[in-house]
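> Please find the sequence and the predicted model below.
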Amino acid sequence: MGNILTLARDSLTSLVSRMGTERDKASTVFYTQPVLTDDQIVAAYRGSWLPRKIIDIPALDSCRKWRDWQADDKVIELIEKEEKRLNIKGKILEASKKGRLFGGAALYIGTSDEDPLQPLAPEKVGKAGIKHLTVLTRRQLKAGAIDRDPESEWFNKPENYYLTGLNGKQLIIHPSRLVLFNGAMAPDDDISGMSQGWGESILTATLDAIKNADSTAGNIASLIFEAKIDIIKVPGFTENIGNKEYENAILQRYTLANTIKGINGTLILDAEEEYESKSAQLSGLTDIMMAFMQIVSGAADIPVTRLLGQSPAGMNATGTSDMKNYHDRIQSIQELELTPAMARLDECIIRSATGARDEAIYYEWAPLEQMSEKEKADIFKTKSDAARALIGSASGQEIITREALSDALVNTFTEDGSLPGLDGFIGEYGKLSEQEPSEAEIIAAATPTKIN
């Protein structure tokens, strides 16, 4: 007979610690597909402050400083006026919040001049061409078939979206007419089939951490009411339970005792009764609660100082590093998510505001971190000193001409807000170099005048 190979699986099992059994608390974690219904999403957002802040804070911080248009002053005024008319900032904020909450929302660009099924051509939008902007969620806007053409701009995205309007009439909208906000990325909609052309709610991956924190807070709150328990040992109590007269007498007896104690702090008991008071230890509860809040903070990618609105704790703690990392994250959202999503809308806004498209017009997102007046003054002084050094650093030979350096400084001081309106005043009064005497005038002034 051939040799028989026997495989044995050995594992450590302890009935005392339950290690290796089905009740092992350190057993392997198995991940399953999370399912979060719209009702659960709405209930979490309405019923708990943590989900609401996790949804709202990044969206609010992405929009609160907004953006700075770079163009001629009159053009900037027209664009900002058009943004105010359409409430661009408010609409983007609303769509961003709802996209994060439901996993999908869109801003419909209403031009009222073409069939919404046709692609939107920004170059055809004239002055005041944008009539309205409408925020829609994925619950109202159904995604159509996925475009599988790799040559298409909309590859792996819905070809069209369907909106059911008044009287059940269905409106088909081309994706170019929508500014899309998809919440969290769906890993693979081909496998799950649940996203249906949209993303996932931000709460899907964070809800367990949120519920653990909320449960811990609830248990701590219950423990507070049980922090002090009075225990009174009554002789014959067990034997007499069930006697209605005895129960009433006991209730009246200790109601009176508590009343007397509440008035003067004195508890009157029979000589045979025993009294003791037990208090729960609450010293470590704050650390436990904050540990759960830090887990929520990590899950939401929002610093505890921003999530809770409190100053950082601990020796030499400032929270500066955490907030800087958070601001970098918000800047990434602005540049990598909002800017591409709003690209076609921005082209329409410029044309709707000015009636044309000047390629020199662009914008930059305003920084979230604001410098103090002293920091601004120090930077202004540093730049000014550097300019003086550049002019006089080559023993009389200029590395950069005064005119070029002057123009660069005017542009710098205007854009960073050090000297607002400087470019306009120079256009009105002229440059300092233009007011200085020319070399010929200096020589003529230095030459003595001959008197005949």
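Done, it's in. What you see is a predicted model, and the numbers here were worked out from it, not measured in a lab. Numbering: from 1, shown residues only.
> which stretch of helix or strand covers the closest residue to Leu101 other than its chain neighbours?
Excluding its sequence neighbours, the residue lying closest to Leu101 (C-beta to C-beta, 6 or more residues apart in numbering) is Ile55, at 5.0 Å. Bear in mind the C-beta positions are built from the backbone N, C-alpha and C, glycine included. Using DSSP states H and E, Ile55 maps to helix 49-63.
> Report the rounded mean pLDDT for that helix.
The pLDDT scores in helix 49-63 average 96.
> Sheet-wise, list the partners of the helix or strand just after that helix with their directions.
Helices and strands here follow DSSP H and E; after helix 49-63, the next one along the chain is strand 67-70. Using DSSP bridges, strand 67-70 pairs in its sheet with strand 362-365 (antiparallel).
> Where does Ala341 sit: helix, strand or coil?
helix (DSSP: H, G, I helix; E, B strand; the rest coil).
> Could I get the phi/psi values of the nearest residue to it once chain neighbours are set aside?
Leaving aside its chain neighbours, Ala341 sits nearest to Val179 (5.3 Å; criterion: C-beta to C-beta, 6+ apart). When read as degrees, to the nearest 10, the backbone of Val179 gives phi -100, psi 110.
> show me what contacts Val179?
Listed by C-beta atoms under 8 Å, 6 or more residues apart in numbering, the contact set of Val179 reads 92, 95, 106-107, 109, 341-342, 344-345.
> gap between Ala271 and Gln33?
Ala271 sits 67 Å away from Gln33, going by C-beta to C-beta, to the nearest Å.
> which of those two has more neighbours?
Gln33 (7 against 4; other C-beta atoms under 10 Å).
> Quick check: the most centrally placed residue in the chain vs Leu368, distance?
Centroid-nearest residue in the chain: Pro58, 0.6 Å away (criterion: C-alpha atoms, centre = their mean). Per C-beta to C-beta, Pro58 is found 11 Å from Leu368.
> Overlap of the contact sets of these two?
Counting by C-beta under 8 Å, 6+ apart, the residues touching both Pro58 and Leu368 are Ile330.
> before we move on, back to that, how far off centre is the helix holding Ile55?
5 Å (C-alpha atoms, centre = their mean, to the nearest Å).
> The stretch 251-400 of the chain: strands as residue ranges?
274-279, 362-365 (DSSP state E, counting those that start in this stretch).
> Same question for the stretch 101-250 of the chain.
Going by DSSP E, counting those that start in this stretch, the stretch 101-250 of the chain shows strands at 105-110, 132-137, 141-143, 161-164, 170-173, 178-181, 228-233.
> show me where pLDDT drops low in the stretch 151-300 of the chain?
188-195, 263-264 (pLDDT under 70).
> Mind doing that once more with 50?
191-193 (pLDDT under 50).
> and what of the stretch 351-452 of the chain?
Those would be 394-395, if you go by pLDDT under 50 across the stretch 351-452 of the chain.
> where along the stretch 301-450 of the chain do the helices fall?
304-308, 320-333, 339-354, 373-391, 402-415, 422-429, 432-435, 439-446 (DSSP state H, counting those that start in this stretch).
> Can you lay out those as TSV showing distance to Lys131?
Below are the helices of the stretch 301-450 of the chain laid out as TSV (distance: least, C-beta to C-beta, whole Å):
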stretch	distance to Lys131
helix 304-308	37
helix 320-333	29
helix 339-354	9
helix 373-391	41
helix 402-415	34
helix 422-429	34
helix 432-435	48
helix 439-446	60
